[in-house]
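Chemist: Structure, please.
(one chain, ligands or ions: 1)
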Amino acid sequence: MYTSYIKGLGFYVPENRVTNNDLSELMETSDEWIQERTGIEERRFAIKGEDTTTSMGVKAAEKAIERAQIAKDEIDFIIFATLSPDYYFPGPGVLVQRDLGIGTVGALDVRNQCSGFVYALSVADQFVRTGMYKNILVIGSELHSHGLDMTTRGRNVSVIFGDGAGAAVVSRSIQEGRGILSSHLHSEGQHAEELSLIAPGMGKRWVSDILADNDPDDVSYMPYMNGQFVFKNAVVRFAEVIHEGLAHNGLTSEDIDMLIPHQANLRIAQFIQNKFKLSDDQVYNNIMQYGNTTAASIPIALTEAWEKGKIKEGDLVVLAAFGSGFTWGSVVMRF
Ligand code: UT7
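Modeler: Model prediction:
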């Protein structure tokens with residue numbers, strides 16, 4: 001009977017720091033508004049031509065592989081979660097296979113936005129458990145900054161997001177009760193458009209339509225978010241899916257050593273912390289430094305918490321995410 005566990009972790013963020021005051025030079029916003037509503041102090045924006053979603057993912061992956069103490073060619077599958085791929089197609093999974101020079105292993109792309117890493121980890125866990133693969137590289141990477149509306153029109157979205165990548169090597173174990181104990185995935189497509197980027201897409205509006213209209217007020221290719229609606233759903237779904245994960249394993253919130261919530265908004269994380277009566281030591285947040293990096297936020301936070309010695313072997317770690325789709329999920333693991 002196989003189980004899966006995280007054998008190595010890594011993250012990468014671009015060097016370029018962008019403060020709230022930097023953004024207030026581009027749009028009508030303020031450090032005070034951003035910090036009060038989101039907790040964000042600064043984020044990283046990739047320099048065009050230097051980093052891509054794939055290259056950041058590769059840098060995070062190289063660290064994770066090194067820390068897993070395995071050779072690159074021991075990776076037998078790649079899973080890449082992002083909403084900001086380098087190309088419309090193919091997805092970045094195959095670009096990672098090429099850039100890392102890994103043999104012709106399978107590469108799967110996951111399109112579940114903020115929940116992408118949790119979904120990807122769950123897929124990896126299933127493949128390892130069945131014995132099909134031994135070492136799976138799971139990456140969450142996002143390059144938001146090139147696609148944001150940096151004018152006042154887009155401020156409710158653009159002040160939140162940041163660029164970066166995180167990666168994990170998920171490996172086979174034969175130790176019962178170690179590693180990923182369970183994962184829980186959900187979606188509610190009824191609210192798909194409430195947090196979305198609908199163009200270019202084959203459904204409603206392709207590039208040719210955008211070019212033909214040549215409308216300077218066209219926002220169809222800018223991310224849209226109904227912020228308050230998303231917030232209200234997030235706090236409910238985060239709580240539900242954390243509870244589901246704990247209950248499935250016969251655990252309570254008192255058993256949690258570390259909760260890593262998707263870094264959507266510090267206020268959401270604090271709401272969840274209070275709801276489960278967790279201490280500051282039981283929840284890790286770094287949205288203050290990196291903003292919301294969507295599929296990358298959980299692996300970045302998990303890696304950073306581990307690097308700081310806040311997660312030790314044997315700890316009960318819970319990951320939870322909510323985002324566009326809507327999709328949400330949790331992973332419960334014994335580190
Ligand atoms: O990771 C995926 C999941 N995403 C989330 O979970 C995000 C959930 N939502 C949120 O975090 C919050 O809704 C936001 C932080 C996005 C917005 O906070 P809010 O308290 O819901 O603000 P709001 O959208 O209701 O806007 C309040 C006011 C508006 O002005 P009026 O109409 O009251 O005059 C906005 O125009 O704040 C204004 N506003 C801003 N002002 C300064 C919106 N964005 C900004 C801004 N700077 N960046």
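
Chemist: who in the stretch 201-335 of the chain is up against the ligand?
Modeler: G227, Q228, V230, F231, A234, A264, N265, I268, N292, G323 (C-beta under 6 Å from any ligand atom). C-betas here are computed from N, CA, C, even on glycine.

Chemist: actually the stretch 51-200 of the chain, not the one I typed
Modeler: Residues of the stretch 51-200 of the chain lying near the ligand (C-beta under 6 Å from any ligand atom): C114, R155, N156, V159, I160.

Chemist: Now render those residues as TSV, adding secondary structure, pLDDT and neighbour count.
Modeler: Listed next are these as TSV, based on DSSP: H, G, I helix; E, B strand; the rest coil; pLDDT from 0 to 100; neighbours: other C-beta atoms under 10 Å:
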residue	secondary structure	pLDDT	neighbour count
C114	helix	98	32
R155	helix	97	20
N156	helix	95	16
V159	coil	98	25
I160	coil	98	24
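
Chemist: now, the most widely separated pair of these?
Modeler: By the measure C-beta to C-beta, C114 and R155 form the most distant pair in those, at 19.6 Å.

Chemist: so how far is V283 from the closest residue to Y290 other than its chain neighbours?
Modeler: If the residues on either side of it in the chain are set aside, Y290 comes closest to G162, at 4.9 Å by C-beta to C-beta, 6 or more residues apart in numbering. For G162, the distance to V283 (C-beta to C-beta, to the nearest Å) stands at 20 Å.

Chemist: So for those two, which sits in the more crowded spot?
Modeler: A count of neighbours by other C-beta atoms under 10 Å puts G162 above the other of G162 and V283, at 29 against 20.

Chemist: thought that one was touching T38?
Modeler: No - using C-beta atoms under 8 Å, G162 makes no contact with T38, being 11.1 Å away.

Chemist: which neighbours do these two share?
Modeler: N292 (C-beta atoms under 8 Å, 6 or more residues apart in numbering).

Chemist: What number of residues are in the vicinity of the residue of the stretch 1-150 of the chain found nearest the ligand?
Modeler: Nearest to the ligand in the stretch 1-150 of the chain, going by C-beta to the nearest ligand atom, is T29, at a distance of 3.3 Å. Neighbour count of T29, defined by other C-beta under 10 Å: 18.

Chemist: Quickly find the element holding M222.
Modeler: M222 belongs to no helix or strand when assigned by DSSP states H and E.

Chemist: Excluding chain neighbours, give the residue nearest to it in space.
Modeler: Nearest one to M222, counting by C-beta to C-beta, 6+ apart, is D149 at 4.4 Å.

Chemist: And for the one you found, the neighbour number?
Modeler: Residues lying near D149 (other C-beta under 10 Å) number 17.

Chemist: Look at it and tell me its secondary structure.
Modeler: Assigned by DSSP: H, G, I helix; E, B strand; the rest coil, the conformation of D149 is coil.

Chemist: gap between it and A269?
Modeler: 26 Å.

Chemist: Likewise for E194?
Modeler: Counting by C-beta to C-beta, the gap from E194 to A269 is 20 Å.

Chemist: Excluding chain neighbours, give the residue nearest to whatever residue of the stretch 101-250 of the chain ends up closest to the ligand in space.
Modeler: Residue of the stretch 101-250 of the chain nearest the ligand, by C-beta to the nearest ligand atom: G227 (2.6 Å). Residue nearest to G227 in three dimensions, not counting chain neighbours: N156, with 5.4 Å by C-beta to C-beta, 6+ apart.

Chemist: Report the mean confidence score over stretch 246-263.
Modeler: Mean per-residue pLDDT for stretch 246-263: 98.

Chemist: let me redo that: stretch 191-209
Modeler: 95.

Chemist: Give me the distance between the helix or strand where L137 lies and the centre of its chain.
Modeler: Per DSSP H and E: L137 is located in strand 135-142. Relative to the mean C-alpha coordinate of its chain, strand 135-142 is positioned 10 Å out (C-alpha atoms, centre = their mean, to the nearest Å).
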